[in-house]
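K.L.:
Below is the structure, and that's it, no one-letter string:
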C-alpha cells in the first residue's frame with residue numbers, strides 16, 4: 001500500500017511539472033499563437049489569466065493579435081481547459097497577465113532575470129533562447 005501511495009505522489013508531482021506538454025493538442029492555438037511567438041503552453045497561466053489575455057487580443061502587448069474569424073473562442077476554450085492552477089492573489093492589475101511575472105517563472109529563472117537586467121538577454125519571453133527544445137514542447141523547465 002505504501003508503494004502505491006508513493007507512486008501516486010510521484011505521478012502527481014510529475015504531472016505538475018509537465019507544463020510544456022499540454023494534455024491535448026490544438027492546431028488553431030499552435031498556428032495562431034505560434035505565428036508570432038512560441039505558442040506558450042496553457043499550463044503556464046491560469047484559466048482566468050487566459051480569459052483576460054484572450055479578451056484583449058486587439059491589444060496583445062501592443063499589437064493586434066486577433067485570430068481569424070471563429071478561432072478565438074476555440075483557442076480560448078482550449079487554453080482554459082488546459083490551464084494551470086489559479087494564482088493565490090485575487091488582486092487584478094490593469095495590465096495583461098505575463099508568464100514572465102508568474103511565481104513559477106520567477107522562482108525558476110532568477111539567473112535569466114539577472115542577465116536580462118544587465119542587458120545580456122534581449123527578452124525574458126523568448127524561451128527558445130535558452131531552452132533549445134521549447135518549440136517542440138520538451139523543455140524540463
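P.N.:
Everything's here; your move. Quantities reported herein were computed from a predicted structural model and do not represent experimental measurements.
K.L.:
How about residue 84: what's its closest non-neighbour residue?
P.N.:
With sequence-adjacent residues excluded and distances taken as C-beta to C-beta, 6 or more residues apart in numbering, residue 84 is closest to residue 43, at 4.2 Å. For glycine as for every other residue, the C-beta is placed from the backbone atoms N, C-alpha and C.
K.L.:
Can you classify the one you found by secondary structure?
P.N.:
helix (DSSP: H, G, I helix; E, B strand; the rest coil).
K.L.:
Look up which helix or strand residue 114 falls in, please.
P.N.:
Take DSSP states H and E as the rule and residue 114 turns out to sit in helix 110-117.
K.L.:
Next, the buried residues of that helix.
P.N.:
In terms of neighbour count (16 or more other C-beta atoms under 10 Å), helix 110-117 has its buried residues at 112, 115.
K.L.:
now do stretch 31-50
P.N.:
In stretch 31-50, counting by 16+ other C-beta under 10 Å, buried: 32-33, 39-47, 49-50.
K.L.:
so which of these comes closest to residue 62?
P.N.:
The nearest member of the buried residues of stretch 31-50 to residue 62, counting by C-beta to C-beta, is residue 33 at 15.9 Å.
K.L.:
how about the closest one, what does it touch?
P.N.:
39-40, 75 (C-beta atoms under 8 Å, 6 or more residues apart in numbering).
K.L.:
List the residues that contact the nearest residue to residue 83 once chain neighbours are set aside.
P.N.:
For residue 83, ignoring the flanking residues on the chain, the nearest one in space by C-beta to C-beta, 6+ apart is residue 47 at 4.0 Å. Contact analysis of residue 47 by C-beta under 8 Å, 6+ apart lists 79-80, 83, 86.
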